[in-house]
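Colleague: Below: sequence and its predicted model.
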Amino acid sequence: MARPVLPIPFWTNASASPLVPWGWGVNGATSVIGTSLATITAMYGGFTATFLLGAAFYVVAGLLGTLVARHHAGRAASATAASAAAASAAAASSAAAG
């Protein structure tokens, strides 16, 4: 039996990440568009052109996915650091008041 490609939650390192629904949506849309584009390319350009075009799209998608995941991880880390700093400040002020 064939093993499927790693699903999107493994790429985002968290199944609760807000990128998971976005990733599944992009996956569904590109699957529909890619099927039509592959058929048209195969009819007019041949199977080699279809293979090369598909490989190029996979490379671009991988690079864009990595870029989006890194950007999102950076934003999440800065938000976590900001909330931790606010919690520390609140704890320090309550300790000083008490």
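Modeller: Structure received. Note that the structure is predicted; figures quoted are calculated from it, not measured.
Colleague: so where's the protein uncertain?
Modeller: Residues of the chain meeting the criterion pLDDT under 70: 1-16, 76-98.
Colleague: cutoff 90 now
Modeller: 1-27, 30, 61-62, 64-98 (pLDDT under 90).
Colleague: which stretches of it form helices?
Modeller: 8-12, 19-45, 47-97 (DSSP state H).
Colleague: how much space between Ala64 and Trp22?
Modeller: Actually, residue 64 is Leu rather than Ala. 12 Å (Cβ to Cβ, to the nearest Å). C-betas here are computed from N, CA, C, even on glycine.
Colleague: list the contacts for the closest residue to Ala42 other than its chain neighbours?
Modeller: Of all residues not flanking Ala42 in the chain, Thr50 sits nearest, at 4.5 Å (Cβ to Cβ, 6 or more residues apart in numbering). Contacts for Thr50 (Cβ atoms under 8 Å, 6 or more residues apart in numbering) come out as 38, 41-42.
Colleague: filter the residues you listed to the buried ones?
Modeller: 38, 41 (16 or more other Cβ atoms under 10 Å).
Colleague: Out of the contacts of Thr50, which comes closest to His72?
Modeller: Ala38 (29.5 Å; Cβ to Cβ).
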